[in-house]
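Asks: Here is my input, please return the structure:
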Amino acid sequence: MPALSVIIPVYNKGDYLADCLRSIQAQTLRDFEIVCVNNNSTDCSMNVVRKFAEHDPRIIVAEEKIPGAAAARNKGLDLARGQFVTFVDADDYIDNTLFETYARKLNESDADVCIIGIDHFFPEIQTYLYPTKPGFTGPKTAEELDGNLFFVTTPSVCTKAFRRDSIERLGLRFNTQLKTAEDMLFSFTMLMKARSVYFVDEILYHYRQHVAGSLTHQTVRRGAQAFDSLEMLKQVAETSPAFDSLYAGLLNFSLEQARYIMQISCDADEFIEQYDAYMQTWWPQVKRNEVHIRPEQRYMFERFDKAQSAIELMHENWQDIVNTLNWYEQRCAQLEHQRSAETQERDDLKRCIGELEESTTYKVGKAIMAIPCTLKDKLRGLRG
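Replies: Coordinates of the predicted model:
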């Protein structure tokens with residue numbers, strides 16, 4: 001049995017998959033298997049997988065075309081044999097110590113889940129942004145995390161490793177009825193039911209951005225399904241002795257999800273649909289339990305509370321986006337001005353050095369210094 005299984009749903013990421021697989025093969029932990037599941041891919045991705053598999057017996061290739069990330073991950077879980085299981089998306093890459101970190105921390109702590117940090121990689125500008133880390137290190141139970149459980153990590157399963165026998169003990173699989181937010185349901189269900197969770201305050205996963213065809217670049221109606229996922233998480237929380245704090249956390253998390261989902265709306269119709277979905281599902285619960293709203297979610301609560309319609313809230317949200325873009329534009333202008341000033345200073349310094357080297361004083365001094373230098377070299381030769 002390998003120490004760890006990494007599951008990769010493969011869907012039309014032929015341009016990036018080799019980099020992803022190389023980052024996995026470079027792991028300092030060598031005892032792992034790679035389960036690549038054909039997620040109904042139509043490009044060259046599976047050819048890339050097969051080529052790598054020819055030279056690496058640790059790669060397991062599931063050729064059957066399986067539509068949907070949830071179903072593909074479930075197939076990977078069925079095939080996985082590792083003591084621990086993690087997930088990597090085919091266009092991302094990982095630090096070479098990630099698997100070793102997962103295995104060591106899970107073995108040392110006997111935790112069911114290990115969580116690490118993530119950042120967003122923008123290949124066009126070779127820049128890493130939006131780092132997300134737990135902010136602390138060590139094991140925690142759901143009761144100790146309290147309602148913070150939903151805010152100490154991202155919903156993504158790619159920032160986590162799970163003890164496989166715990167997944168099987170809970171009978172946990174991805175909900176194939178959800179086209180989005182299925183990883184959020186899986187992740188937080190596991191966190192609520194885990195005996196303990198080990199946090200590593202390091203960024204070891206790099207999430208590629210601006211990739212054509214990725215989920216975040218498709219026109220997907222995310223709202224209703226995300227809120228459905230939250231409702232399912234509420235049902236899981238109801239079975240926990242820490243239900244009160246978990247429910248309070250979910251109320252706040254619903255506001256955070258509403259803000260995010262409406263910010264990535266592709267058009268006004270989608271924004272209105274998502275606004276209506278939230279107002280019909282979670283807003284009445286949030287409103288009744290206003291006392292539990294945290295200061296950091298208070299701003300969004302007040303936005304919903306005073307908005308008379310989706311159009312009014314949409315105008316405010318889009319104005320926020322415009323203000324943010326204006327801030328970035330001003331910041332870019334400041335950085336460009338600073339760069340120009342530094343370039344001018346460098347050019348001025350180069351010109352001064354050039355003028356100095358062309359001056360008579362410099363040339364005479366250089367000639368004078370050449371005499372002792374020559375004598376010094378001759379003396380060194382005589383001593384030798």
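Asks: residues in contact with the residue nearest the centre of the chain?
Replies: Most central residue of the chain, judged by C-alpha distance to the mean C-alpha position with Cα atoms, centre = their mean, is residue 118 at 4.2 Å. Going by Cβ atoms under 8 Å, 6 or more residues apart in numbering, residue 118 touches 131-132, 154, 156, 158-159, 203, 205-207. Placement of C-beta: from N, CA and C, glycine included.
Asks: pretty sure residue 208 is touching residue 92, no?
Replies: Yes. With contact defined as Cβ atoms under 8 Å, residue 208 counts as touching residue 92 (5.3 Å).
Asks: Now for those two: what residues contact both?
Replies: residue 121.
Asks: ok, those two, which is more surrounded?
Replies: residue 92 (25 against 19; other Cβ atoms under 10 Å).
Asks: can you give me phi and psi for that one?
Replies: When read as degrees, to the nearest 10, the backbone of residue 92 gives phi -100, psi 180.
Asks: just checking, it touches residue 209?
Replies: No. Using Cβ under 8 Å, residue 92 is not in contact with residue 209, being 9.9 Å away.
Asks: what residues are shared contacts of these two?
Replies: residue 121.
Asks: Can you flag the buried ones in the contacts of residue 118?
Replies: Taking 16 or more other Cβ atoms under 10 Å as the criterion, what is buried in the contacts of residue 118 is 132, 154, 156, 158-159, 203, 205-207.
Asks: Restricted to strands, list these.
Replies: 132, 203, 205-207 (DSSP state E).
Asks: Specify which member of those is nearest to residue 173.
Replies: Nearest to residue 173 among these is residue 205, at 22.5 Å by Cβ to Cβ.
Asks: tell me the contacts of the closest one?
Replies: Neighbour list for residue 205: 88, 92, 94-95, 98, 116-119, 158-159 [criterion: Cβ under 8 Å, 6+ apart].
Asks: Ignoring the adjacent residues along the chain, who's closest to residue 16?
Replies: Excluding its sequence neighbours, the residue lying closest to residue 16 (Cβ to Cβ, 6 or more residues apart in numbering) is residue 91, at 4.0 Å.
Asks: any idea how far the one you found lies from residue 10?
Replies: According to Cβ to Cβ, to the nearest Å, residue 91 and residue 10 sit 10 Å apart.
Asks: joint contacts of the two?
Replies: residue 17.
Asks: got a markdown table for the ones in strands among the buried ones among the contacts of residue 118, with pLDDT and distance to residue 76 too?
Replies: A markdown table is the format used below for those (pLDDT from 0 to 100; distance: Cβ to Cβ, whole Å):
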| residue | pLDDT | distance to residue 76 |
| --- | --- | --- |
| 132 | 89 | 24 |
| 203 | 95 | 24 |
| 205 | 97 | 17 |
| 206 | 95 | 21 |
| 207 | 93 | 19 |
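Asks: how far is stretch 239-247 from where the chain is centred?
Replies: Put simply, stretch 239-247 sits 27 Å off its chain's centre (Cα atoms, centre = their mean, to the nearest Å).
Asks: Kindly export it (C-alpha atoms) in CSV.
Replies: Taking Å, rounded to 0.1, in the frame of the first residue of the first chain, the C-alpha atoms of stretch 239-247 are listed here in CSV:
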residue,chain,number,x,y,z
THR,A,239,-25.5,15.7,13.8
SER,A,240,-22.6,17.4,15.7
PRO,A,241,-22.6,18.3,19.4
ALA,A,242,-21.1,21.6,18.3
PHE,A,243,-24.1,22.4,16.1
ASP,A,244,-24.7,25.9,17.6
SER,A,245,-21.3,27.2,16.8
LEU,A,246,-21.1,25.4,13.4
TYR,A,247,-24.5,26.9,12.4
